[in-house]
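J.: quick one, what's the 3D model for this:
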Amino acid sequence: MIKVLGILLGIVLSSSTIAMGETMKGETITLPKPSYEGKMSVEEAINKRRTNRDFRSDPLTLSQLSQLLWAAQGITDEKRGFRSAPSGGALYPLDVYAVVGKAGVEQLAEGVYRYLPESHALEKKAEADKRNDLSQAALGQDWIADAPVIFVISAEYSRITFKYGRRGVRYATIEVGHVGQNIFLQAGTLALGAGIVGAFDDDGVAKVIGAEARHEPLLIMPVGYRE
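T.: Modelled structure (predicted):
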């Protein structure tokens, strides 16, 4: 009887831990549903867009993270699988990783997560705060680590080059520009700032985020409240 109670107590404690954001590597976390209407116009968001390099440590909400990821690569047409950013042949060679700092996002433990657009969820890739490691892989740009969340956008070129050949590499790099602008504009509507970084060691960044095989980092974007 005591043994059974202990097992039941362990299950309850395990469930409550996960509910508070303590997840294990490989687990998936369903994100809040994104909003499709905002209070700021596209014109205002474009006018106010600036690259930000000074961030406060205030955490983002899980809903804010959800909204940013949806803007980057979220599904906008369930039947045809279209996403928020245009892609050559609708082949979508990009992936978005979120490097979350300690207390960086409410209700979410620090770690590295890969965004799963089809289910609007996160897959946990690493359990530690990797922001400092990422900033060092970005040639020592320490300011990156001040942001509570850092997005890394990668490309798996084979998803698009099988159809377009070498031209597909160009299409993937065009696409990452669309994704970056979406993040910039969505961050602005959420009263957040975003930075953008292209100078980094590709292999070093891939190692820090635990990138899937053949996922090559193209862009780093720190996001958080402006200082």
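
J.: so what's the residue count around Ala128?
T.: Ala128 has 11 neighbours, counted by other CB atoms under 10 Å. All C-beta atoms are positioned from the backbone trio N, CA, C, and that covers glycine.

J.: please disregard the earlier target; I meant Asp58.
T.: Neighbour count of Asp58, defined by other CB under 10 Å: 11.

J.: and the pLDDT at it?
T.: Listed pLDDT for Asp58 reads 97.

J.: where's the most centrally placed residue in the chain, which helix or strand?
T.: In the chain, the centroid-proximal residue (CA atoms, centre = their mean) is Ala98; its distance is 3.3 Å. Per DSSP states H and E: Ala98 is located in strand 94-100.

J.: and the top strand by length along the chain, how far from the chain's centre?
T.: Assignment by DSSP state E gives strand 216-224 as the longest strand of the chain. Distance of strand 216-224 from its chain centroid, counting by CA atoms, centre = their mean, to the nearest Å, is 8 Å.

J.: can you name every helix or strand that that strand contacts?
T.: Packing contacts for strand 216-224, counted by 3 or more CB pairs under 8 Å, 6 or more residues apart in numbering; DSSP states H and E, involve strand 149-155, helix 167-189, strand 193-194, helix 202-209.

J.: mind listing what Ala121 touches?
T.: 28-31, 115 (CB atoms under 8 Å, 6 or more residues apart in numbering).

J.: quick check: bridge partners of it?
T.: Thr30, Leu116 (DSSP bridges).

J.: next: Ser154.
T.: Assigned bridge partners for Ser154, using DSSP bridges, are Asp95, Pro217.
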